[in-house]
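# Starting from these lines, generate the structure:
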Amino acid sequence: MSYDGIFTHIIVNELKEKIENGRISKIYQPFPHELLLTVRANRKNQKLLLSAHPSYARIQLTEEGLSNPDQAPNFCMFLRKNIEGALIEEISQYHNDRIVIFKILRFDELGDRKHVNLVIELMGRHSNIFLVDNETNKIMDSLKHVPAYQNSYRSTYPGADYVLPPHQDRLNPFEPIQVEDTIESAKDIQSRYQGIGRDSSEEIFHYYQTSHPVISDAVAHFVRAVQSGKPTLFTSNKGKESFTPYHFETIEGEAREWDSPSALLDHYYQHKASRDRIQQVASDLLRIIQTDLQKNKKKLEKLEDSLKRSESADDYRIKGEVLTAYLHQVEKGSKQVSLPNFYQDDEELVIDLDPSLTASQNAQKYFSRYHKLTTSVKYVNEQIEKTKEENDYLDSIETQINLSDPQDLEDIRDELKESGYLKSKRSQKNKKKKVSKPHKFQSTDGTSILVGKNNTQNDELTLKKARNNHFWLHAKDIPGSHVIVESSAPSEETLLEAATIAAYYSKYQQSANVPVDYVEVKHVKKPNGAKPGFVIYTNQTTLFVTPSKEFVDQLRQ
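Modelled structure (predicted):
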């Protein structure tokens, strides 16, 4: 189910219960499309997430820990100035649409009471957040300033009148209105009632066909179920998740009811929104990595072409030696000579000559070419090896970015600065940095398992923190995190669980039967001069496991 007007309705009911009459104490903008407000209500701090993301627009309370940028964006600063410390007097939904209005009481510089409306429009790629002067209905500011050529219906710029999105003349399902129209399909219901998504319309159409032949009765039955039921998460046989305001009869799959619609959304969007946030926050890092990988691809092609050309080096040596052996048979001024090749049963070998040189000088010229090519072969092979090592390193960084949480990206950014891929900003030299810690897990039998979040942390964990008799795990021959089992004699069950974690924190997170090596830490070594995170190991045993997010989360501490 999409986040339609029906789900917006139950979210608004939850917000009214938990944060209406609460005070806004903090305002953050952790990502370009998302605001996080801390609201003090009922003697408790609640985190209110307002998202105008084009794909994941929503309003909810959240328990998720989101990092904040070093410098707040302009809209965030504007909201802090105008509504931080203000009171949320009322929360309402506009006509069962995906539009929610927070009526806020604040005091201006003179201490006078003033009302403003924080308006959130959940309209897909047109989603936006506005702060509107309640008295004048003027836009004070908005999250997205849309130019007139993209939206001729209304302006979103400060100073313009706030105009609601185009409203279609549809019925509000929460208002009891008798309707006896003939309904041919679920789409007919969507066209008659405001805020009804596809899944909701199919559920209502099911009631209409099976038990409530008058459409307004079917809608009323649906509304009663929304008001009395619990939000439900469905998981299909293929693992696809969907959510509904209560347990729909028309959706198949494993159903799990939640006490809170916000808690359900935290679970549903945890992975989906997190991946997109990574793309937003780390877009510059990924761009640098991709650029360098492309450069290295072209470099390898040139090096391998050069290596292929050097395969003729031995031919030059043979020609030089044959010429030297038969100097007396070469006439001065010859452009070419045919001599017995004693390396090939004296078969005739045709050798091109420089007529301006003597036979001996021509031989030396061939030896010179031979030595030049053999010397270059060594250099080219070294360069190929270095380039492949760099590609492995960049591949590991890209994997870590895609596996990380947004708040952990700063460590990866620092590593890229230290490795010379990013320039350091002087103004950040003296800034105190929050040190991140490894992921912590506990196996079923209580054994501690640690997982590095980045290459620097992998080195720290494996080479400094772990004891020699602890066990080290890593997905075999692919980028991934170092995993340490803090035990000298872990059970088979613990090793399997640790291997599953190692597979999950690897490039093959979405694959099955992932090979994972495990070995005692004392058999893991770091070569001199190796890049962060790179180690070699011996005496390993390989396990094959299939990673599972649900299983890994159960072991997480």
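# chain center to the one helix or strand Ile278 maps to, what's the gap?
Ile278 belongs to helix 261-281 when assigned by DSSP states H and E. Offset of helix 261-281 from its chain centre (CA atoms, centre = their mean, to the nearest Å): 10 Å.
# Over to stretch 181-193?
39 Å.
# Flag every buried residue along that stretch.
Along stretch 181-193, the positions that meet the burial threshold by neighbour count (16 or more other CB atoms under 10 Å) are Ile183, Ala186, Asp188, Ile189, Gln190, Arg192, Tyr193. All C-beta atoms are positioned from the backbone trio N, CA, C, and that covers glycine.
# Now do the end-to-end distance for that stretch.
12 Å (CA to CA, to the nearest Å).
# Over to stretch 160-167?
According to CA to CA, stretch 160-167 extends 19 Å from its N-terminal end residue to its C-terminal end residue.
# what comes up buried for that stretch?
Tyr162, Pro165.
# Report the rounded mean pLDDT for that stretch.
Here the mean pLDDT over stretch 160-167 is 90, rounded to a whole number.
# Contacts made by that stretch with the rest, please.
Counting contacts by CB atoms under 8 Å, 6 or more residues apart in numbering, the residues outside stretch 160-167 that touch it are 94-95, 97, 99, 117, 119, 121, 123, 126, 130, 132, 137-139, 153-155.
# same deal with stretch 212-224?
Applying CB under 8 Å, 6+ apart, the contact partners of stretch 212-224 are 173-174, 176-181, 183, 189, 192-193, 200, 203-205, 207-208, 211.
# Output that stretch as CSV, restricted to C-alpha atoms.
Provided in CSV are the C-alpha atoms of stretch 212-224 (Å, rounded to 0.1, in the frame of the first residue of the first chain):
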residue,chain,number,x,y,z
HIS,A,212,-22.4,-4.2,1.4
PRO,A,213,-24.1,-3.6,-2.0
VAL,A,214,-24.5,0.1,-1.3
ILE,A,215,-21.2,1.8,-1.8
SER,A,216,-21.5,4.3,1.1
ASP,A,217,-22.2,1.3,3.4
ALA,A,218,-19.1,-0.4,2.1
VAL,A,219,-17.1,2.7,2.8
ALA,A,220,-18.6,3.1,6.2
HIS,A,221,-17.7,-0.5,7.1
PHE,A,222,-14.1,0.2,5.8
VAL,A,223,-13.8,3.3,8.0
ARG,A,224,-15.0,1.5,11.1
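# Make residue 1 into 48 and carry on from there
Got it, first residue is 48 now, which makes that one stretch 259-271.
# And it, what's buried?
Of the residues in stretch 259-271, His259, Ile262, Ser263, Asp264, Ala265, Val266, Ala267, His268, Phe269, Val270 count as buried by neighbour count, 16+ other CB under 10 Å.
# What mean pLDDT does the helix or strand where the fourth one lies get?
Which is Asp264. Remark: Asp264 resides in helix 262-275, with elements defined by DSSP H and E. Helix 262-275 comes out with an average pLDDT of 96.
# roughly how far is the very next helix or strand once past it from the heart of the chain?
Past helix 262-275, further along toward the C-terminus, the next helix or strand under DSSP H and E is strand 279-282. In terms of CA atoms, centre = their mean, the centre of strand 279-282 is set 23 Å apart from its chain centre.
# try stretch 505-513
Averaged C-alpha coordinates place stretch 505-513 at 25 Å from its chain's average position (CA atoms, centre = their mean).
# what about that stretch, how long is it end to end?
11 Å.
# Go through that stretch and flag the buried ones.
The neighbour-count criterion (16+ other CB under 10 Å) identifies Asn505, Asp506, Glu507, Leu508, Thr509, Lys512, Ala513 as the buried residues of stretch 505-513.
# Could you double-check that the fifth one lies in contact with Val568?
Yes: counting by CB atoms under 8 Å, Thr509 sits close enough to Val568 to count as a contact (6.7 Å).
# Got the domain ranges for the protein?
If you go by the TED database, the domain ranges for the chain are 52-208, 233-306, 337-431, 486-602.
# other SSEs contacting the lowest-mean-pLDDT helix or strand in the chain?
Using mean pLDDT, DSSP states H and E, the weakest-scoring helix or strand in the chain turns out to be helix 308-328, at a mean of 82. Using 3 or more CB pairs under 8 Å, 6 or more residues apart in numbering; DSSP states H and E as the contact test, the elements touching helix 308-328 are helix 52-65, strand 70-78, strand 105-108, strand 279-282, strand 288-291, helix 406-450.
# Isn't Ile167 up against Val179?
No: in terms of CB under 8 Å, Ile167 does not count as a neighbour of Val179; the distance is 11.3 Å.
# between these two, which one's more packed in?
Between Ile167 and Val179, counted using other CB atoms under 10 Å, the more crowded position is Ile167 (23 against 20).
# which SS class is the more buried one?
Using DSSP: H, G, I helix; E, B strand; the rest coil, the secondary structure recorded for Ile167 is strand.
# In the beta-sheet assignment, what are the partners of it?
For Ile167, the beta-bridge assignment (DSSP bridges) gives partners Val147, Ile176.
# residues in contact with it?
With contact set as CB under 8 Å, 6+ apart, Ile167 has these partners: Leu97, Ala99, Ile106, Ile146, Val147, Ile148, Phe149, Ser174, Asn175, Ile176.
# again with Pro594
Taking CB under 8 Å, 6+ apart as the contact definition, Pro594 lies against Thr547, Ile548, Ala550, Tyr551, Ser553, Tyr555, Gln556, Gln557, Ser558, Val561.
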